[in-house]
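1. Fold the following for me, if possible:
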Amino acid sequence: MRSRAHFRSHPLHPMLVHFPIAFLVGGFVADLAATLFDLPDLQIAAWYLVAAGVVAGLIAAVPGLVDYFAVVPPHSSGKKRATRHLITVVSALTLFAIAWALRGGPGVPLDGVVLVLEAGAVVLLGMGGWMGATLVVRNQIGIDHRYARAGKWKESHFDDPGAVPIVVARRDELEVDQMKLLHVGDRRVVLARSNDGYVAFADRCSHRGGSLAGGVMACGLVVCPWHGSQFDVHSGRVCAGPAEETIEVYPLEVVGDEVRLTLR
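-> From the prediction side, this is the model:
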């Protein structure tokens, strides 16, 4: 068995994306103005702006990829949106890179192909930005939405032991209404402490697949952060929609100072 600390999403990616957007859109606007008003100096500025934008986009992609693979809940509407966002933004950067390469250098007169490629890239960049904003606002990727007394975010990984109980926490590790995300093999499980003791349930809202570990827990209920569905943490039953299907719960036992989880 292995257990290691992990990390949660952070606001670095939403902060970094402002730079490539500003550079790339600025480069296109400079090229367009240079073409319309015969201003060759703007073409030089545009060449450097596009180059800086592509580099800044590659840098911003690093935390974006981390969020995509490690933070966005799998098998969810957010994952599908994140995939479309990834494809769209990569396509925009690729078009800008091709356009930049075709220019041949700063100050080289533009042809229509370069301007068309940049225009198409700006459209894709706008679409990708809209989807990225939706991931932040609707799917809360990159947002710290902890509630009062939620405690520090905890996340651990374990090999899948089959039907053998595994030790997932200490007796005093969580306080009432605090949660911890467990990765057991390819399954995501929430360990939580209610007024009646420790409970464990699937980390997937049955509505759109939101991560329940990122939601709010109170009075024996867990609330999905995406659309507000509520589930009983002991039985998994739906207490408030829009979800209609129950979530799976798992047996726990406390032996001495150990909290042990058994997966069916």
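2. all strands in the stretch 101-250 of the chain, in order from the N-terminus.
-> Along the stretch 101-250 of the chain, counting by DSSP state E, counting those that start in this stretch, strands occupy 155-158, 166-170, 179-184, 187-194, 197-202, 216-218, 221-223, 230-232, 238-240, 249-250.
3. want to try CSV for those, with mean pLDDT as columns?
-> CSV is the format used below for the strands of the stretch 101-250 of the chain (pLDDT from 0 to 100):
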stretch, mean pLDDT
strand 155-158, 90
strand 166-170, 92
strand 179-184, 93
strand 187-194, 94
strand 197-202, 95
strand 216-218, 91
strand 221-223, 95
strand 230-232, 96
strand 238-240, 94
strand 249-250, 94
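4. Relative to residue 256, which of those strands is closest?
-> strand 166-170 (9.7 Å; CB to CB). No exception for glycine: its C-beta is placed from N, CA and C like everyone else's.
5. Which positions in that closest one come out as buried?
-> Residues 166, 168, 169 are the ones in strand 166-170 that count as buried (16 or more other CB atoms under 10 Å).
6. about what we covered before: in JSON lines: the strands of the stretch 101-250 of the chain, plus distance to residue 149.
-> Converted to JSON lines, those look like this (distance: least, CB to CB, whole Å):
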{"stretch": "strand 155-158", "distance to residue 149": "18"}
{"stretch": "strand 166-170", "distance to residue 149": "17"}
{"stretch": "strand 179-184", "distance to residue 149": "11"}
{"stretch": "strand 187-194", "distance to residue 149": "11"}
{"stretch": "strand 197-202", "distance to residue 149": "17"}
{"stretch": "strand 216-218", "distance to residue 149": "10"}
{"stretch": "strand 221-223", "distance to residue 149": "15"}
{"stretch": "strand 230-232", "distance to residue 149": "19"}
{"stretch": "strand 238-240", "distance to residue 149": "21"}
{"stretch": "strand 249-250", "distance to residue 149": "23"}
